[in-house]
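> Okay, sequence plus prediction incoming.
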Amino acid sequence: MQAKNIWLSLALALLGFMFMAWGLMAQSEGEPGVGAGALTESSLNESSRVGSGRCTLELEMSGTIGPASVDLFKRGLKMAQDKGCPSLLVLINTPGGSLQSTRLIVEDILNSPIPILCLVHPTGGHAGSAGAIIMQACHVAGAMVATNMGAATPVAGGGQEIPEDLRKKLISDTRSWAEGLAKLRGRNEEFAKDIVTEAKAVSATEAFEIGAIDYLAERKIDFLTFAEGREVTLGESEKTLVQVGDSLVMPHDLRYRTLALVADPTLAYLILMGSLALLYYEITNPGTMVAGVVGGVGLVVALISLHKLEVVWGGLALMLLGLALLIAEAFMPSFGILGVGGIASFVLGSVFLFDPAETGYQLPLSLIISTSVILGLIMMGVGYLAVSSFKVKKKGGYDDIVGLAGEVSWVDESSPTKGQMMVHSELWRFESETEVKVGDRLEVVGYSGLTLRVRPESSAATKA
């Protein structure tokens, strides 16, 4: 019964994992321009394109700014350079996010070898908090009509109240940072200060009027046309003219979506603490397996989510952990627990490790799922055989012949109670309670060393 319960739990866990992965694949395939894993050409018609013969890589920075956004921007910048695109267009629509992630993105923008063009997009979107600060760092900044930006006062991630002294330090630090960015790009420094100290937010129209952005656009192509030929400063002092071209869209792939799912600071902290608790339980109660496996995988994911481990190195760590778990499965009676954990770790590692910006190729989700299912079935089969082997009754022991009957083949003349008999086609020495003769049928009742203890066969049916 215990083995059946274990297998039922493992089967449900595997099915749950498969359905979750299929759900992500369906979600990716259901959204235009998302999840394909390859660059797609924008739907701009020929007459609206600018910069013939060139390209502008386009990526969307939506949702909460966090480790997933940082990873997406880094990969987009790398991909733009690899594709030879002289500019990168970032479409911003975010309520804000992590201050640490914002600083990392701004740092990459300031040190970018190509111009970064930022547009609050689509109509009705906004660049709140972290998004407003990122806008100040961009070489060319614009917004669609009916959008807004601002409200960048630092707040605690969990919504709790920040101690007054710490709050003053955070506001002062962020204010001076935002003002410095605005001054660097020649934008309204007063606005950059007010969005931090006063949580000020303005419409796109007002932002354009006060010089907080460079252009107010009705269409995306209008913004690109405006940016074409503008002189901007790259790095510390390098002057260059912005060049734009046909839009190549970088989709939100599975790697981004997986990171975005676990990158919420509160959730990442809970995963970290839960993983540490599970590992502690496994150490103090060896043999539970499930706690150790979940804790190990969760710890790596939490470190990635909290910016303590680069995504690529985290993916490699997950794949090595998966390999270790699969090897351990072959030597430890875990009933498939280590195998399932190893497969899950392998899948996450595959998603994080393979970067299209580096390799030019992204592993299809269908390939990851099918490979995982095959590995899962193999491991479940191996585990099933291992469990089944425990139920097999051992053959060839003395207990197997107790109760069987055999025929006397030789009797010791000096001691008629001893001799040899054939039992189950094997010749055994015996010692009887009474005198016997050749041809008698005797029943085995026990053994002492290599000698069987026997008695005359009863009239009842025997196992012989």
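Thanks, I have the structure now. Numbers count the residues shown, from 1 in each chain.
> For the rest of this, base every contact and every neighbour count on C-alpha atoms.
Will do.
> and the residue nearest the centre of the chain, what are its phi and psi?
Nearest to the mean C-alpha position of the chain, by CA atoms, centre = their mean, lies residue 348 at 3.6 Å. The phi/psi pair for residue 348 (degrees, to the nearest 10) reads phi -60, psi -40.
> From residue 73, how far out is residue 450?
Distance of residue 450 to residue 73, given as CA to CA, to the nearest Å: 77 Å.
> Which residue of the two possesses the greater neighbour count?
Using other CA atoms under 10 Å, the more surrounded residue of residue 450 and residue 73 is residue 73, with 21 against 10.
> which residues does residue 431 contact?
Going by CA atoms under 8 Å, 6 or more residues apart in numbering, residue 431 touches 417-419, 451-454.
> What subset of those is buried?
The neighbour-count test (16 or more other CA atoms under 10 Å) marks 417-419, 452-454 as buried among these.
> What is the nearest of the residues you listed to residue 240?
Among the buried ones among the contacts of residue 431, residue 452 lies closest to residue 240 (CA to CA), at 99.6 Å.
> So the closest one sits against residue 429, correct?
Yes: in this structure residue 452 lies within contact range of residue 429 using CA atoms under 8 Å: 6.2 Å.
> Which elements pack onto the helix or strand hosting residue 408?
If you go by DSSP states H and E, residue 408 is part of strand 405-411. With contacts taken as 3 or more CA pairs under 8 Å, 6 or more residues apart in numbering; DSSP states H and E, strand 405-411 sits against strand 418-423, strand 441-448.
> Residues in a beta bridge with residue 423, which ones?
Beta bridges link residue 423 to residue 426 when assigned by DSSP bridges.
> give me every residue that touches it.
Taking CA under 8 Å, 6+ apart, we find residue 423 in contact with 401, 404-407.
> Repeat the analysis, applying 10 Å as the threshold.
When contacts are counted by CA atoms under 10 Å, 6 or more residues apart in numbering, residue 423 touches 401, 404-408, 442-444, 464.
> cool, and residue 229?
240-244.
> among the residues you listed, who's most crowded?
Highest neighbour count within those: residue 244, with 28 neighbours (other CA under 10 Å).
> Now do the host helix or strand of residue 259: which elements does it pack against?
Here residue 259 sits within helix 254-262, counting by DSSP H and E. The contact analysis (3 or more CA pairs under 10 Å, 6 or more residues apart in numbering; DSSP states H and E) places helix 254-262 against helix 2-30, helix 67-83, helix 265-284, helix 290-305, helix 337-353.
> Contacts for whichever strand or helix holds residue 175, please.
Per DSSP H and E: residue 175 is located in helix 164-185. Contacting residues not belonging to helix 164-185 are listed as 99, 103, 106, 110, 132-141, 152-156, 161-162, 186-198, 211-214, 232-233 [CA under 10 Å, 6+ apart].
> can you check stretch 267-284 too?
Against stretch 267-284 from outside (CA under 10 Å, 6+ apart): 261-266, 285-286, 288-306.
> buried set for that stretch?
Quick answer for stretch 267-284 (16+ other CA under 10 Å): 268-269, 271-276, 278-279, 282.
> okay if I get these as JSON lines plus distance to residue 95 and pLDDT?
Shown next, in JSON lines, are those (distance: CA to CA, whole Å; pLDDT from 0 to 100):
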{"residue": "268", "distance to residue 95": "19", "pLDDT": "81"}
{"residue": "269", "distance to residue 95": "21", "pLDDT": "81"}
{"residue": "271", "distance to residue 95": "24", "pLDDT": "86"}
{"residue": "272", "distance to residue 95": "25", "pLDDT": "87"}
{"residue": "273", "distance to residue 95": "27", "pLDDT": "89"}
{"residue": "274", "distance to residue 95": "28", "pLDDT": "89"}
{"residue": "275", "distance to residue 95": "29", "pLDDT": "89"}
{"residue": "276", "distance to residue 95": "31", "pLDDT": "90"}
{"residue": "278", "distance to residue 95": "34", "pLDDT": "88"}
{"residue": "279", "distance to residue 95": "35", "pLDDT": "88"}
{"residue": "282", "distance to residue 95": "40", "pLDDT": "86"}
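> biggest separation within those residues, which pair?
Longest distance between any two of the buried residues of stretch 267-284 is 21.0 Å, between 268 and 282; criterion CA to CA.
> Let me know the closest of the contacts of residue 423 to residue 322.
Nearest to residue 322 among these: residue 401, at 46.5 Å, using CA to CA.
> how many neighbours does the residue nearest to that closest one when sequence neighbours are not counted have?
What sits nearest to residue 401 in space, not counting adjacent residues and going by CA to CA, 6 or more residues apart in numbering, is residue 444, at 7.0 Å. Neighbours of residue 444 under the rule other CA under 10 Å: 21.
> and what of the one 3 residues further on?
Applying other CA under 10 Å, we find 17 residues neighbouring residue 447.
> got it, and the one 10 residues further on?
Number of residues near residue 457 (other CA under 10 Å) recorded here: 18.
> Can you name the residues that contact it?
Residue 457 is in contact with 403-407, 440-444, counting by CA under 10 Å, 6+ apart.
> Give me the local confidence score for it.
Residue 457 carries a pLDDT score of 83 in this model.
> again with residue 224
pLDDT, residue 224: 95.
> Residue 91 is in contact with that one, correct?
No: judged on CA atoms under 10 Å, residue 224 makes no contact with residue 91 at a distance of 11.8 Å.
> what do those two both touch?
Residues touching both residue 224 and residue 91 by CA under 10 Å, 6+ apart: 117, 119, 142.
> The helix or strand hosting the first one pairs with which strands?
This means residue 117. Assessed by DSSP H and E, residue 117 sits inside strand 116-120. As defined by DSSP bridges, the strand partners of strand 116-120 come to strand 87-93 (parallel), strand 140-144 (parallel).
> list the buried ones in that strand?
Those would be 116-120, for strand 116-120 by 16+ other CA under 10 Å.
> out of the strands paired with strand 116-120, nearest to residue 248?
Of all the strands paired with strand 116-120, strand 87-93 comes closest under CA to CA, at 9.6 Å.
> Now do that closest one against helix 67-83, angle only.
160 degrees (axes from the mean of the first three to the mean of the last three CA atoms, to 10 degrees).
> Use 874 as the first number for this chain going forward.
Done: numbering now begins at 874, and the last item shifts to strand 960-966.
> got the contact list for the closest residue in space to residue 1104 that isn't next to it in sequence?
Excluding the flanking residues, the one nearest residue 1104 by CA to CA, 6+ apart is residue 1114, at 4.4 Å. Counting by CA under 10 Å, 6+ apart, residue 1114 touches 959, 987-988, 1100-1107.
> 6 Å instead?
Counting by CA atoms under 6 Å, 6 or more residues apart in numbering, residue 1114 makes contact with 1102-1104.
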